[in-house]
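1. predicted coordinates and the sequence they were generated for:
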Amino acid sequence: MLKSPVLPRDLPLFSDDLDLLSDVLDDVCKARGLGRNTSAAEAIAALLIQLYRQGVKDHIKLAALAKAYL
């Protein structure tokens, strides 16, 4: 039997997770004056998912980190 660890990046995102991430993305895009369909918004969304999967689950912290890095 194979014993491989389950990593956070392998876990599914549920609707509550996606709702939070969508709200944070809206806030960051609004603060930056970006539309949701831009490549910059896609990069922010990818960063938010990465941060969330690393354990950052707080709306304010996610938004602050996304604003600081992009």
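-> Happy to help now that I have it.
2. so Val28 makes contact with Tyr69?
-> No - counting by Cβ atoms under 8 Å, Tyr69 is not a contact partner of Val28; they are 10.3 Å apart. C-beta here means a position set from N, CA and C on the backbone, and glycine is covered the same way.
3. neighbour-wise, which of these two wins?
-> Val28 (23 against 10; other Cβ atoms under 10 Å).
4. tell me the buried residues in the helix ranked longest in the chain?
-> When the chain is parsed with DSSP state H, its longest helix is helix 15-32. Residues of helix 15-32 classed as buried: Leu20, Leu21, Val24, Leu25, Asp27, Val28, Cys29 (neighbour count, 16 or more other Cβ atoms under 10 Å).
5. closest to the centroid, which residue in the chain?
-> In the chain, the residue lying closest to the centroid (Cα atoms, centre = their mean) is Leu48, at 2.0 Å.
6. check which helix or strand covers it.
-> Using DSSP states H and E, Leu48 sits within helix 39-53.
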